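Asker: Pasting a predicted model and its sequence here:
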Amino acid sequence: MSVPDYMQCAEDHQTLLVVVQPVGIVSEENFFRIYKRISSVSQISVRDSQRVLYIRYRHHYPPENNEWGDFQTHRKVVGLITITDCFSAKDWPQTFEKFHVQKEIYGSTLYDSRLFVFGLQGEITEQPRTDVAFYPNYEDCEAVEKRIEDFIESLFIVLESKRLDRATDKSGDKIPLLCVPFEKKDFVGLDTDSRHYKKRCQGRMRKHVGDLCLQAGMLQDSLVHYHMSVELLRSVNDFLWLGAALEGLCSASVICHYPGGTGGKTGARRFQGSSLPAEAANRHRPGALTTNGINPDTSAEIGRAKNCLSPEDIIDKYKEAISYYSKYKNAGVIELEACVKAVRVLAIQKRSMDASEFLQNAVYINLRQLSEEEKIQRYSILSELYELIGFHRKSAFFKRVAAMQCVAPSISEPGWRACYKLLLETLPGYSLSLDPKDFSRGTHRGWAAVQMRLLHELVYASRRMGNPALSVRHLSFLLQTMLDFLSDQEKKDVTQSLENYTCKCPGTMELLTLPGGPTLPPVPFTKLPIVRRVKLLNLPASLRPQKMKSLLGQNVSTKSPFIYSPIIAHNRGEERNKKIDFQWVQGDVCEVQLMVYNPMPFELRVENMGLLTSGVDFESLPAALSLPAESGLYPVTLVGVPQTTGMITVNGYHTTVFGVFSDCLLDNLPGVKTSGSTVEVIPALPRLQISTSLPRSAHSLQPSSGDEISTNVSVQLYNGEAQQLVIQLENIGTEPLETLEVTSRLLTTKDGISVSGFPLCSPFRQVVRPRVESKPVNAPEGGKPGDPSHMKTLEAILNFKYSGGPGHAEGYYRNLSLGLHVEAEPSVFFTRVTTLPATSTRQCHLLLDIFNSTEHELTVSARGNEELILHAGECQRMAIQVDKFSFESFPESPGEKGQLANPKQLEEERQEARGLEIDSKLDVHWRIPSLKRTGEASVEGLLSQLVLEHLQLAPLQWDVLVDGQPCDCEAAACRVGDPVRLEVRLTNQSPRSVGPFALTVAPFQDHQNGVHNYDLHDAVSFVGSSTFYLDAVQPSGQSACLGALLFLYTGDFFLHIHFHQDSASKELPPSWFCLPSVHVRALDAQA
């Protein structure tokens, strides 16, 4: 026997072998349709008996194996069923002749045979025949199963007669010697009368009868015969047949212990599709089938106790039998099949290590020169058996050997498809899955070197199959999952091969269906590059949408009437895990930042990198990048434009690397940090772009509120210099601008600098004029922030709040801010300010000590004065005659500012207003000719209270008129002897009523030596009284008193007017009674 049956199992010893074969030309589909129906009748209950017959069907069986039928009867073909097509009566004789020829092949062992003829009709079909069945076609053949049952019953009759004939053989010394084919020549010339020869004949016959009893369903009888056979054969050292007797004893014991079978699915199918009724199927246990009327269960227990081997003894007997088989070179197939049967038994007993010993023995059993197909079958069965006992890696090893055998060099047409299919089946044994998700969880399982070798073989096999898409998929999988185990050179080789493949067949994210039916999942390159962090970026400060507060309050108030609800808080907490607290805007470019790095030892080019989103129509704008070799974390910004509104979720990104397109989902990226992936997209808003006449500033303003400034401009000015700022706003969006609100805010100034006005005028022209404040500042000794000789800084913000389009309808707006950074360099400042009285009571002299703190020569000019030239670092005095100021027009009470205004603040505002008025009257300007820059100088903040009092016009304004002409500065001329009319006027500018007053006029002469002569009774005479009286004067009212003088001599005379000390004058400050000095020049009378 040269062809092993690797599907053998212990319970096959109780089966009858029936061969089903076609005769003539029969289509494979029709043959196997009938074969399936025939093989469904695999067991049948013997009529009038508790015994069950088991049938084993084969559609191909080598005739040389049939010669071993006496050695083990389950190897003997006892039934033949042939299937043929015959459509005409004239072809029938030839067809029937073929049937007889087919019977002759197995004729020496056949018990019975049948011929199933399909397609023939007529008289021939009506002739009653037991060995031939006619059917019109393959569909109309309902009685096939019944015919098979009748056929099996006929086999049983023959089997039972042979069993009885052999079991009751009383010929004694005439028992024939049963032989295997290779023994016949060895027994020629033996002494047939010797006791040794007779025992051998008896032992072999006992073993043969045990086989027949086992096939006939008499399990207990077979055990008895096997035991007797073992004793007889052991005594004569007939090792080959002793091994067969021990194997038969093991098989019967296995059937007794494991009625479900040891053949796995094959054994389980034995009891499916049976034509037995339910009660018969329940009685199928072989140990219970007897014909002596004894209770089946009792009989089974007695037999089991007396003759059945224990599970441990079964394995020991198998080992002994195999050791006997190994002594015979021609019994290699028997030895191999015994090993397989023992392995299946040990698999049920879960004794994997013992089973591996039997399998290891089976590997080294030498058979004849096997064909390549037989080698493939042998290695495949070894793989399945190793898998059965849980040796998955060993199973994978033999399956891989079988795969390599499919494409052995000796095969003219290598079977690359079969090789590929077997290689796929080896994957689980090497802890290898073709799903990349299995490699993203936990540590790597399996031997990476072996796995890489296997993947390379899959790539090569799929290429030889002519399927480049499979090659790309496997090579991508190798690069993605084994990247950490590849050397630098291997990484270069694999990527080069991948690029060569993808030139012809680009890698995609589609499922690939394998030839056997399963599918290959896509392999996204999540490690090329490796992503460590994903962050959704807020829009730039100038484009961020904001909700109007009133609408925001309404929305919040309608959600719940409660201030706090734990249920709402809980839900918001869950949302916060993924949802981000800012919004994107429809139609605006949105950004997502990825922190990536390149693990490859060469530059990595990533093409077509974009975002994968859901929830909102999103236009992704792909990017291409090139990462240096083994780069560190590298920021990559992916952009896109949402086309609709709603909640958008960033699910991942897509790339094209080495010609492979990948969709990388964030859920499948291990170790990726993200602050959220869902953001709200609100309706579209207009977009304003700002440009100014000033250059942009590298200095960014940092308001205390934390707001971001979208645009910053800067300018350097001298103190007092003015610079015009022109702002241009352009709507670069698609939505119209509907509302625009402009506000300004001055940040806290540093180093005592302020701004002299921040007006806004259409179209948004801004004038900035910094000036120095010299108010006393309490500063440490190390620095003097109030020192005007140091550079000062001014920061201000212009805010443009605008909205429009659908976003405006939803209550959203945008805020565009312009940050202004001004650095004020010192120009000129006043070190001292004093006053001197002028000849007129309505004027005074202002003395300014001016210091040039620049590095350039400059000129200083005031209204009505000549220019004063100052060199760098030079200080000079400038005297300016100014009219006194009426400060009483400024608010004295908080009425204009509100009843709750701070008095101190009001006083500061009054001081500031006075300083501004003085500045405007003085109009002090400086000019630097070399730089062509001009500015103004301010005395604000430098004026002391005393100086202000000197500059202030008294609330009571006194005017003295001589002959109707004001007498304040110039001397009034008159003639000696002519009466001179004198008028004193009072204008009350105070808010209260004043008077009445009494004034006395005293003339005197100044001798210019400090002596005033008031004794002028002979030189000056009054016409009337020298005392004048003024009635009470109401606020804003006037009053006047009149008198006259007569000068008797020529000369210069002065009039001193003083007030009487009464209650009315005592209540008022002395500064209110400043009357101008009166100078009268008496000239000679005209002739």
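Answerer: It's in.
Asker: I'd like the distance between the nearest residue to residue 865 once chain neighbours are set aside and residue 836.
Answerer: The shortest distance from residue 865 to any non-neighbouring residue, by Cβ to Cβ, 6 or more residues apart in numbering, is to residue 880 (5.9 Å). In this view, the C-beta of every residue, glycine as well, is placed from N, C-alpha and C. Here the criterion is Cβ to Cβ, to the nearest Å. By it, residue 880 lies 11 Å from residue 836.
Asker: anything in contact with each of those two?
Answerer: residue 845 (Cβ atoms under 8 Å, 6 or more residues apart in numbering).
Asker: Same drill for these two, tell me which one is more crowded.
Answerer: Ranked by neighbour count (other Cβ atoms under 10 Å), residue 880 and residue 836 place residue 880 first, with 17 against 11.
Asker: Report the secondary structure element holding the more buried one.
Answerer: strand 875-883 (DSSP states H and E).
Asker: Give me the angle between the next helix or strand after that strand and strand 875-883.
Answerer: Downstream of strand 875-883, the first helix or strand assigned by DSSP H and E is helix 903-922. Orientation check (axes from the mean of the first three to the mean of the last three Cα atoms, to 10 degrees): helix 903-922 against strand 875-883 gives 90 degrees.
Asker: Quick one: residues in contact with the strand holding residue 880.
Answerer: Here strand 875-883 makes contact (Cβ under 8 Å, 6+ apart) with 831, 836, 838, 842-852, 860, 862, 864-865, 868, 870, 918, 921-922, 951.
Asker: same question, stretch 346-357
Answerer: 258, 262, 311, 315, 342-343, 358, 385-386, 388-391, 394.
Asker: Check stretch 664-674 too.
Answerer: By Cβ under 8 Å, 6+ apart, stretch 664-674 touches 437, 440-441, 524-526, 531-535, 612, 650-655, 677.
Asker: Could you list the buried residues of it?
Answerer: 664, 666, 669, 672, 674 (16 or more other Cβ atoms under 10 Å).
Asker: Spit out the contact partners of the closest residue in space to residue 422 that isn't next to it in sequence.
Answerer: Spatial nearest neighbour of residue 422, excluding adjacent residues (Cβ to Cβ, 6+ apart): residue 403 at 3.6 Å. With contact taken as Cβ under 8 Å, 6+ apart, residue 403 is in contact with 418-420, 422-423, 426, 457, 461.
Asker: switch the cut-off to 6 Å
Answerer: 419, 422-423 (Cβ atoms under 6 Å, 6 or more residues apart in numbering).
Asker: I'd like those residues as a markdown table, with distance to residue 1039, neighbour count and secondary structure appended.
Answerer: As requested, the contacts of residue 403 are exported to a markdown table (distance: Cβ to Cβ, whole Å; neighbours: other Cβ atoms under 10 Å; DSSP: H, G, I helix; E, B strand; the rest coil):
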| residue | distance to residue 1039 | neighbour count | secondary structure |
| --- | --- | --- | --- |
| 419 | 130 | 25 | helix |
| 422 | 130 | 24 | helix |
| 423 | 126 | 24 | helix |
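Asker: for the residues you listed, which one is nearest residue 934?
Answerer: Closest approach to residue 934 among these (Cβ to Cβ): residue 423, at 90.2 Å.
Asker: Next, count neighbours for residue 330.
Answerer: 14.
Asker: helix/strand/coil for it?
Answerer: Put simply, residue 330 is helix when judged by DSSP: H, G, I helix; E, B strand; the rest coil.
Asker: Nearest residue to it in space, ignoring adjacent ones along the chain?
Answerer: Closest to residue 330 by Cβ to Cβ, 6+ apart is residue 182, at 4.5 Å.
Asker: wait, that neighbour sits on residue 332?
Answerer: No: the criterion here is Cβ atoms under 6 Å, and residue 182 misses it with residue 332 at 11.5 Å.
Asker: Settle it for me: which of those two has more neighbours?
Answerer: residue 332 (18 against 14).
Asker: Ramachandran angles for the residue positioned nearest the centre of the chain?
Answerer: For the chain, residue 666 is the residue whose C-alpha lies nearest the centre (Cα atoms, centre = their mean; 3.1 Å). Dihedral pair for residue 666: phi -60, psi -30, per degrees, to the nearest 10.
Asker: got it, and residue 991?
Answerer: phi -80, psi 10.
Asker: for residue 740, same thing?
Answerer: Per degrees, to the nearest 10, the backbone of residue 740 is at phi -150, psi 120.
Asker: residue contacts, residue 1023?
Answerer: The contact partners of residue 1023, by Cβ under 6 Å, 6+ apart, come to 979, 1044, 1046.
Asker: I meant to write residue 610 there.
Answerer: 620, 622, 654.
Asker: In strands, which of the residues you listed appear?
Answerer: Under the assignment DSSP state E, these contribute 620, 654 to strands.
Asker: Which of the contacts of residue 610 sits closest to residue 1038?
Answerer: Nearest member of these to residue 1038, counting by Cβ to Cβ, is residue 620, at 85.4 Å.
Asker: ok, the closest one - how many residues close by?
Answerer: 18.
Asker: confidence score at it?
Answerer: On pLDDT, residue 620 comes in at 93.
Asker: For the contacts of residue 610, give me JSON lines that also has distance to residue 589.
Answerer: Output for these, formatted as JSON lines (distance: Cβ to Cβ, whole Å):
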{"residue": "620", "distance to residue 589": "11"}
{"residue": "622", "distance to residue 589": "13"}
{"residue": "654", "distance to residue 589": "18"}
